[in-house]
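**Student:** no sequence on this one, just coordinates:
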């Protein structure tokens, strides 16, 4: 898994590429919670994520809790159909603001 961070205006864009599973979720856990606490607006681009295991979902849930407790915004974008289906089945689609593409997510975070 690769994680790339860029700033677009006041938004931190974290693009994840690969699988988020028990082997790789630790990488995301080292980055995402800290960034959620420090940055008011975070866009998590998952357009290159083919699979998310329960370990990856736990990291994302932790980020969502941090966002809620700090009043920060976390928007997910680019979920592939198989990943989006997992989010729907377990109810994560109600915990996260999920938008179809980066442009829509950036517009939501800008407003």
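**Tutor:** Yep, it's here. Just so it is clear, the model here is predicted, and its values are computed rather than measured.
**Student:** From here on, just use CA atoms for contacts and neighbour counts.
**Tutor:** OK.
**Student:** For residue 49, give the beta-bridge partners.
**Tutor:** Residue 49 has these beta-bridge partners by DSSP bridges: residue 18.
**Student:** separation between it and residue 28?
**Tutor:** Here the criterion is Cα to Cα, to the nearest Å. By it, residue 49 lies 12 Å from residue 28.
**Student:** what does residue 93 give?
**Tutor:** Residue 93 is 20 Å from residue 28, by Cα to Cα.
**Student:** go on, residue 95?
**Tutor:** Counting by Cα to Cα, the separation of residue 95 from residue 28 is 18 Å.
**Student:** In the helix or strand hosting residue 67, which residues are buried?
**Tutor:** Counting by DSSP states H and E, the element that carries residue 67 is helix 54-70. Using 16 or more other Cα atoms under 10 Å as the test for burial, helix 54-70 gives 55-57, 59-61, 63-64, 66-67.
**Student:** same question, stretch 28-48
**Tutor:** Buried, per 16+ other Cα under 10 Å, within stretch 28-48: 28-29, 32-33, 35-37, 39-48.
**Student:** Mean confidence (pLDDT) on it, please.
**Tutor:** Regarding stretch 28-48, the rounded mean pLDDT is 96.
**Student:** Give me the neighbour count for the residue lying closest to residue 55 once chain neighbours are set aside.
**Tutor:** In this structure, residue 55 finds its nearest non-sequential neighbour in residue 22, 5.3 Å apart by Cα to Cα, 6 or more residues apart in numbering. Residue 22 has 12 neighbours, counted by other Cα atoms under 10 Å.
**Student:** what does residue 94 give?
**Tutor:** Using other Cα under 10 Å: residue 94 sits among 10 other residues.
**Student:** How confident was the prediction at it?
**Tutor:** 93.
**Student:** counting contacts, what elements does the helix holding residue 67 pack onto?
**Tutor:** Secondary-structure packing of helix 54-70 (3 or more Cα pairs under 8 Å, 6 or more residues apart in numbering; DSSP states H and E): helix 25-38, strand 73-77.
**Student:** one more time with 10 Å
**Tutor:** strand 11-20, helix 25-38, strand 41-52, strand 73-77, helix 81-90 (3 or more Cα pairs under 10 Å, 6 or more residues apart in numbering; DSSP states H and E).
**Student:** Thanks a lot, see you next time.
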